[in-house]
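**Q** Need coordinates for the below:
(2 chains)
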Amino acid sequence: MSWRDAIALAVKTVRRRPGRAVLTVLAVTLAASLLTALLTISTTAETRVLNQLSSGGPLAGIKVAAAEPDPGQVDQDNASPGDPKSLDDAALQRIQDLPDVREVIPIVSTRMFVITRARDKDDHRIAPFPEDVVGVDLTKINQLPITLTAGRLPTPGSLSEVAVTQGYLERLGLERLDAPQVVGTALEMASGQVVPNERVRGRWTKFTIVGVVAQEASNGQFLASTEVVDQARDWASAGIDASRALDLPTSPYTGLFVVARGIDNVSKVRAQITAIGYSTAAPENLLASVRRYLRVVEIVLSAVGLIALVVAALGISNAMLAAVRERRREIGVLKAIGARDRDVYRVFLVEAGTLGFLGGVLGTALGWLIAAMVGRVVNGYLAAQRLVGVQLTLPWMVVVGGIVGSTVLALLAGTLPAVRAARLPAREAVSGT
Amino acid sequence: MSVVPGASIDVRELSHRFSSRAGTVTVLDDLSLQIEAGGHVALVGASGAGKSTLLSVLGGLEPAQAGSVEVDGADLSGLSRTDLATFRRETVGFVFQHFGLLEALTAAENVELACSLAGVGVGARRSRAAELLDAVGLSPRARHRPVELSGGERQRVAIARALANRPRLVLADEPTGNLDDDSTHLVVALLESLPADHGCTLVVVTHDATIARRAQRCYRLRGGRAVEEDA
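**A** Prediction:
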């Protein structure tokens, strides 16, 4: 009997006993769905936690400061920068040329004077204050450690839009949940220029706050396009000795955000950048620890799902053994008409595999649905907390593992009944019940 | 088309015992029996006389415990499980009292399964099954499952299935035991035509004296031995 014939016969036999088949498949379905849901949720949770740790940027991101590295702290996640050091295009190019670097995103910043009409919680006007404005290429925002928590990001290249950070909210006496209140409000910012006689004149620009972000690209309560910062710096540098008089940075770039080719290359790239002569920071030790912890959680959850699958497999084994007992005469007849032991073995094994496969497919789909429902509930909670929701991740390994694992376990569970069926004597055709 | 004669059977000093906690029962005791090729033989006897056991041994459903069983000169005594399966697949067709049809399959699929086990190619199976079902007058019921057929129809499907491998020996165990009179006549007529139409030896186990009398030879099993009776 060919495998094709065995499959056809097994499928028809399974359909012949729908009640038992449905119950057996249901057990596998529930187990596979539990495994899929647990792994999907844990994987999504892992992504969420790691993204939080990396503030929304890529896990393989490294912050490079315009400063010398401190030799005593190069192995630390947040190494203290050494003496200031100019970070220019030549340095950027050297870092860009490192083999394990995928991308380098420059970060610029400048200090500006801010006037806002907003009032604090005691209804007092906020006094004008100096604050750093961070400028980045907003088209690459997804690769930077910047997370939008309310409103939207400034339009790339815009000279009139900014986003603010939690620090700005605190300055106004607002909580995180109050973030939408500042979206759409206006403020004015000026860059200074020192003119003769030690006088300073400002170049004022009106801005609209379009969003609230959490960002770790650089220090500063305002996030804008690179063009905003460049214009401000050009204005300041057109004056007399701007850096000393106005305490402005002299380095062309305030920092760089370097994306390594994979999280495993972060350490290597950091060492290479340190060798080039710049201070770096990356939460690699923290990420490694958290990943280890999350891996343990994942293993525990997988074990729970696997135990359920094993219990379901035992159910298959039990159902198949009962089937062998009930079908002794049918097995005998099969042998009487010429089936060999291996033919009978195949039929029963395929029956078990069919039940496992069906359970695996249905269970994986159901598990995904359960995870999606849990995800919706969690996202609803996060949205109520003004936090960014989670994007559910269904790793292909979970899908393949759910279906293949269920099938393989069912085949293993079906082996004993199949062997028993194959070893039944052919005389059961005459004497069996 | 000339029909090849069926298989000859030569049983010598065949003994068979069943052991259980309650003790050992000798079912066949130095039984000897010869059946000529193309013959039609009936085995009769009381319940427990060993008719079905003899049929099982003749058909290779179980090995002979002592003595020898030769079918067309081939001794079955020393054959392994696999070789016995090959023997059954290539030489024997079984018809059971309980029909033995697979309930999950249609009449045609039951016959096709036997064709498949006999090594008939995928394409030829369907036409062979149709041909056999036509021969037993069941073409219109080919797509029905056993549960949708009467007892007589089921037994005719079983006969069609028994012929799937072009057997040289057809063994029928109480083939009319579950049938009404009309169906019995149909099935008996069908079975009796097999040696001539399909070139096989026919051995029928029966309690029915009428059926036994229609065989060329009739053996009664008593005390573990076979004694020929006048037909």
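**Q** quick check: mean pLDDT across stretch B:44-63?
**A** Average pLDDT, stretch B:44-63: 88.
**Q** quick one: residue B:163 and chain A, what's the gap?
**A** To chain A, residue B:163 is 11 Å away according to C-beta to the nearest C-beta, to the nearest Å. In this view, the C-beta of every residue, glycine as well, is placed from N, C-alpha and C.
**Q** show me where chain A has strands.
**A** Using DSSP state E, the strands of chain A run over A:61-65, A:101-116, A:129-136, A:146-151, A:161-165, A:186-195, A:199-215, A:222-225, A:255-260, A:279-281.
**Q** What residues are bridge-paired with residue A:110?
**A** Here residue A:110 shows beta-bridge partners residue A:133, assigned using DSSP bridges.
**Q** per-residue pLDDT, residue A:391?
**A** In this model, residue A:391 is scored at 75, pLDDT.
**Q** How about residue A:244?
**A** For residue A:244, the pLDDT comes out at 61.
**Q** what about residue 215, how many residues close to it?
**A** Answering for chain A, as no chain was given. 27 (other C-beta atoms under 10 Å in any protein chain shown).
**Q** Can you look at chain B instead?
**A** Using other C-beta under 10 Å, residue B:215 has 21 neighbouring residues.
**Q** Is it possible to get CSV of the strands of chain A that adds mean pLDDT?
**A** Output for the strands of chain A, formatted as CSV (pLDDT from 0 to 100):
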stretch, mean pLDDT
strand A:61-65, 89
strand A:101-116, 91
strand A:129-136, 92
strand A:146-151, 86
strand A:161-165, 94
strand A:186-195, 86
strand A:199-215, 88
strand A:222-225, 94
strand A:255-260, 91
strand A:279-281, 89
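**Q** Save those strands as a markdown table, and put in distance to residue A:353 too.
**A** Shown next, in a markdown table, are these (distance: least, C-beta to C-beta, whole Å):
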| stretch | distance to residue A:353 |
| --- | --- |
| strand A:61-65 | 46 |
| strand A:101-116 | 43 |
| strand A:129-136 | 54 |
| strand A:146-151 | 46 |
| strand A:161-165 | 56 |
| strand A:186-195 | 67 |
| strand A:199-215 | 50 |
| strand A:222-225 | 56 |
| strand A:255-260 | 44 |
| strand A:279-281 | 53 |
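**Q** okay, and for the chain, where does confidence drop off?
**A** With no chain named, the answer covers chain A. Residue ranges of chain A with pLDDT under 70: A:50-58, A:72-75, A:241-248, A:385-388, A:431-433.
**Q** you looked at the wrong chain, it should be chain B
**A** Within chain B, the segments meeting pLDDT under 70 span B:1-4, B:230-231.
**Q** hang on, the earlier thing: out of the strands of chain A, flag the one nearest residue A:21.
**A** Nearest to residue A:21, of all the strands of chain A, is strand A:146-151, at 49.1 Å by C-beta to C-beta.
**Q** Find out how far that closest one is from the centre of the chain, if you would.
**A** 16 Å (C-alpha atoms, centre = their mean, to the nearest Å).
**Q** Any buried residues in stretch A:123-140, and which?
**A** Neighbour-count burial for stretch A:123-140, counted by 16 or more other C-beta atoms under 10 Å in any protein chain shown, picks out A:126, A:131, A:132, A:133, A:134, A:135, A:136, A:137, A:138.
**Q** out of everything not next to it in sequence, what's closest to the last one?
**A** Meaning residue A:138. Counting by C-beta to C-beta, 6 or more residues apart in numbering or on different chains, residue A:156 is the residue found nearest to residue A:138 once chain neighbours are left out, at 4.0 Å.
**Q** wait, doesn't the one you found sit right on residue A:135?
**A** No: the criterion here is C-beta atoms under 8 Å, and residue A:156 misses it with residue A:135 at 11.2 Å.
**Q** which neighbours do the two share?
**A** Shared contacts of residue A:156 and residue A:135 (C-beta atoms under 8 Å, 6 or more residues apart in numbering or on different chains): residue A:225.
**Q** Quick test: name the residue nearest the centre of the chain.
**A** Picking chain A for this. residue A:47 (3.1 Å; C-alpha atoms, centre = their mean).
**Q** Chain B was what I was after
**A** residue B:171 (1.6 Å).
**Q** From residue A:296, how far off is that residue?
**A** Per C-beta to C-beta, to the nearest Å, residue B:171 is found 65 Å from residue A:296.
**Q** The strand or helix carrying residue B:24 close to chain A?
**A** Residue B:24 belongs to strand B:23-35 when elements are defined using DSSP states H and E. No: if you take C-beta under 8 Å from any C-beta of the partner chain as the test, strand B:23-35 misses chain A, and the best it gets is 11.7 Å.
**Q** Let me know how buried the residue in chain A positioned nearest to chain B is, in neighbour terms.
**A** Of all residues in chain A, the one sitting closest to chain B is residue A:338 (3.1 Å; C-beta to the nearest C-beta). Residue A:338 has 29 neighbours, counted by other C-beta under 10 Å.
**Q** Am I right that it is in contact with residue B:115?
**A** No: contact between residue A:338 and residue B:115 fails when scored by C-beta under 8 Å: they sit 9.9 Å apart.
**Q** Now list whatever residues contact both of those two.
**A** residue B:165.
**Q** Only the buried residues of stretch B:65-72, if you could.
**A** Neighbour counts over stretch B:65-72 (16+ other C-beta under 10 Å) mark B:67, B:69, B:70, B:71 as buried.
**Q** That's all I had, so thanks and see you.
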